[in-house]
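A.B. asks: okay, structure incoming, though there's no sequence with it:
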């Protein structure tokens, strides 16, 4: 599955409204051996969000180093083909640039996209399977 930065950031910032669900959901996915995929921009998005929300750039960098250690995380390079497909989807679906990259990766790999971003979910749903994180009880 492709997991949007919104899920990762909400898991990393305890003050986030989705923190508890994102934390449990990501833990479940990792424990079940699920492969989690994202475009390389994930790192910059997470570093920026954590640094801006917490005011702690050292924490943001430690988070990125920790992500690199996750064996289930696969980062997809942004090459010309992916960039052009993301641009096409951004225009057609009226998505933000980074959001279009996640949709393009999910579409190319024929995988579902998991995100908290309502606009991204609604607009991408006409092309791919999109959902919010759901924890099992």
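C.D. replies: Perfect, I can see it now. Everything numeric here is computed off the predicted structure, so don't read it as measured data.
A.B. asks: residues in contact with stretch 13-33: which ones?
C.D. replies: Contacts to stretch 13-33, defined as Cβ atoms under 8 Å, 6 or more residues apart in numbering, come from residues 1, 3, 6-11, 36, 49-50, 53-54, 70, 72, 116, 133-136. For glycine as for every other residue, the C-beta is placed from the backbone atoms N, C-alpha and C.
A.B. asks: what comes up buried for that stretch?
C.D. replies: Neighbour-count burial for stretch 13-33, counted by 16 or more other Cβ atoms under 10 Å, picks out 13, 16, 18, 21, 22, 23, 25, 26, 29.
A.B. asks: tell me which two of those sit farthest apart.
C.D. replies: Greatest spatial distance in the buried residues of stretch 13-33: 13 and 29, 18.6 Å, computed using Cβ to Cβ.
A.B. asks: now for the strand or helix carrying residue 108, which elements pack on it?
C.D. replies: Per DSSP states H and E: residue 108 is located in helix 97-109. In this structure, helix 97-109 packs against strand 2-3, strand 36-39, helix 41-54, helix 80-93, strand 113-114, helix 118-124, with contacts taken as 3 or more Cβ pairs under 8 Å, 6 or more residues apart in numbering; DSSP states H and E.
A.B. asks: hang on, the earlier thing: now distance to residue 78 and pLDDT too, for the buried residues of stretch 13-33, in a markdown table please.
C.D. replies: Formatted as a markdown table, these follow (distance: Cβ to Cβ, whole Å; pLDDT from 0 to 100):
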| residue | distance to residue 78 | pLDDT |
| --- | --- | --- |
| 13 | 25 | 90 |
| 16 | 26 | 93 |
| 18 | 26 | 97 |
| 21 | 29 | 97 |
| 22 | 24 | 97 |
| 23 | 28 | 96 |
| 25 | 26 | 97 |
| 26 | 23 | 96 |
| 29 | 23 | 95 |
